[in-house]
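**Student:** Here is my input; please provide its structure:
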Amino acid sequence: MKKKFLSAIICSMLATSIVLTGCGNDSPNYEGTYTGTAWKGQAEGVTLEEAKDKITSTITVDSKGKITDAKFDFLVNKDGTWITRNNPEATVTVDFSVDPTAATLNGEESTKGASMFDVKANDAMSLYSVAVNEDGTVSVMLVDATTRYRYEAKLSKDFNFETKLADAKIGETWIPTVRESSGGAMKITDWSEVNGKTIFGLSPFNHVMTRRGVLEGLSDASTMKELVEALGVTFENGVAKPMEATYGYHSNGGWEGNYTAICEFLVGKNIEEVTGLVDYSEEKFAKAINEDNFFGIDVPSGATKTVQDSFDTISGATVRMSRENEAYQRALVDAGILKEEDIIKGRF
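**Tutor:** Below you'll find the model as predicted:
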């Protein structure tokens, strides 16, 4: 398959070369706006018209092929209405009278516990919120990407905010109250699997929380005071100053942050040179592409079904990237750079 894809790209490049050579100074004019879409269920025969989840890309290109603007959207159809997952707008309120309790687990099923936070958001990936009551009580919440749970801490004015995060344990200081989605890399079936761990130590992938974004530079050696200050809390004479609930997105900034990063990577690039967001020449990726150019469906030993680099990023993003790559490549089909058979279809 890899040979099939590379051959198609080479043919496309040769065709471009012929146009350039045969026409002298009459180079292609790429000026325009082009769109592409990836959608869930393609491998099972779901058509775009039938899809309930899709990712769209839109690129604006100048006459020479340089990308001057780009946009990605993750859309989910809920009851006939398309919702944008990467819309960062949210409404968050806090009830300080609530003492958080852990969600109830029944195998991989999860029932909400008591939460201090009422959240209305299209998607809560990497969401955080913090508020301070008039008496100095701090309520803080972080959504962890690997487990997809809200972890909440209710810290009275008498709490020792110099407590190291290494000593602020899950199940004690941090309470997992609500699972925001079931798609996490860690499928918790019993709280003993995470109790006693730290908020940054839930999995080896939690470096994503402190490598960039609002929590950048923090670690288990940091204090709880440093964490809540990073989220916006200020102290006076050792007591947190009252503040309304604020929210944001840690790590790479949730879906919107990741998609903005992809766009920043693309702007200024030339569509003749950047024909994908993923380097599928890497063996672990190439081996996972089947004869129909689907990635991650038929995965042999030594390959991977996930294109992701949460440490150094892929094209600026820390999220899985095979779907976004597909949407971008379809925009290049629209631009006449690639053909449909060139596209590596992502694992949705």
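
**Student:** Let me know the secondary structure of Arg330.
**Tutor:** In three-state terms, and counting by DSSP: H, G, I helix; E, B strand; the rest coil, Arg330 is helix.

**Student:** oh sorry, the question was meant for Lys225
**Tutor:** Quick answer, by three-state DSSP: Lys225 is helix.

**Student:** any idea of the pLDDT on it?
**Tutor:** On the pLDDT scale, Lys225 is placed at 98.

**Student:** Over to the one 4 residues further on?
**Tutor:** On the pLDDT scale, Glu229 is placed at 98.

**Student:** what's the neighbour count on it?
**Tutor:** Glu229 has 16 neighbouring residues, counting by other Cβ atoms under 10 Å. Where you see a C-beta, it was placed from the backbone N, CA and C, and this is true even at glycine.

**Student:** what do you get for Tyr149?
**Tutor:** 27.

**Student:** Could you do Thr318 as well?
**Tutor:** 26.

**Student:** what do you get for the one 3 residues further on?
**Tutor:** Around Met321 sit 24 other residues, with neighbours defined as other Cβ under 10 Å.

**Student:** I figured it hits Leu277, correct?
**Tutor:** Yes - using Cβ atoms under 8 Å, Met321 is in contact with Leu277, at 5.8 Å.

**Student:** gap between Gly184 and Arg148?
**Tutor:** Distance from Gly184 to Arg148, counting by Cβ to Cβ, to the nearest Å: 4 Å.

**Student:** Those two: which is more packed in?
**Tutor:** Counted by other Cβ under 10 Å, Gly184 and Arg148 do not tie: Arg148 has more neighbours, with 22 against 18.

**Student:** ok so Leu142 is a strand residue?
**Tutor:** Yes - using three-state DSSP, the secondary structure at Leu142 is a strand.

**Student:** hey, what's it bridged with?
**Tutor:** Tyr128, Tyr151 (DSSP bridges).

**Student:** Got the confidence number for it?
**Tutor:** For Leu142, the pLDDT comes out at 98.

**Student:** Poorly predicted segments of the stretch 201-348 of the chain, please.
**Tutor:** The stretch 201-348 of the chain contains no residues with pLDDT under 70.

**Student:** in the stretch 201-348 of the chain, which spans are helices?
**Tutor:** Applying DSSP state H, counting those that start in this stretch to the stretch 201-348 of the chain gives helices spanning 207-211, 224-230, 254-266, 283-286, 322-335.

**Student:** what is the orientation angle of the last one with helix 254-266?
**Tutor:** When you say that, I think you mean helix 322-335. 50 degrees (axes from the mean of the first three to the mean of the last three Cα atoms, to 10 degrees).

**Student:** hmm, who's touching stretch 178-192?
**Tutor:** 102-103, 105, 107-108, 110, 112-113, 115, 124-125, 127, 143-150, 171, 176, 193-194, 202-203, 205 (Cβ atoms under 8 Å, 6 or more residues apart in numbering).

**Student:** rerun at 7 Å
**Tutor:** 102-103, 105, 107-108, 110, 112-113, 115, 124, 143, 146-150, 171, 194, 203, 205 (Cβ atoms under 7 Å, 6 or more residues apart in numbering).

**Student:** Then stretch 50-67?
**Tutor:** With contact meaning Cβ under 7 Å, 6+ apart, stretch 50-67 is reached by 29-41, 68-77, 266-272, 323-324, 327-328, 331, 335, 348.

**Student:** that older thread, winner for burial among the helices of the stretch 201-348 of the chain?
**Tutor:** Mean neighbour counts were taken over those using mean count of other Cβ atoms under 10 Å, and the top value, a mean of 24, falls to helix 322-335.

**Student:** can I get the CA coordinates of it in PDB?
**Tutor:** Taking C-alpha atoms only, helix 322-335 is exported to PDB below (Å, rounded to 0.1, in the frame of the first residue of the first chain):
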ATOM      1  CA  SER A 322      -4.900  10.600  11.100                       C
ATOM      2  CA  ARG A 323      -8.400  12.100  10.800                       C
ATOM      3  CA  GLU A 324      -7.200  15.600  10.400                       C
ATOM      4  CA  ASN A 325      -4.600  14.500   7.900                       C
ATOM      5  CA  GLU A 326      -7.400  12.900   5.800                       C
ATOM      6  CA  ALA A 327      -9.500  16.100   5.900                       C
ATOM      7  CA  TYR A 328      -6.500  18.200   4.800                       C
ATOM      8  CA  GLN A 329      -5.600  15.800   2.000                       C
ATOM      9  CA  ARG A 330      -9.200  16.000   0.700                       C
ATOM     10  CA  ALA A 331      -8.800  19.800   0.600                       C
ATOM     11  CA  LEU A 332      -5.800  19.100  -1.600                       C
ATOM     12  CA  VAL A 333      -7.900  17.000  -3.900                       C
ATOM     13  CA  ASP A 334     -10.300  20.000  -4.100                       C
ATOM     14  CA  ALA A 335      -7.200  22.100  -5.100                       C
END
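
**Student:** elements contacting that helix?
**Tutor:** Helix 322-335 is packed against strand 32-39, strand 53-61, with contacts defined by 3 or more Cβ pairs under 7 Å, 6 or more residues apart in numbering; DSSP states H and E.
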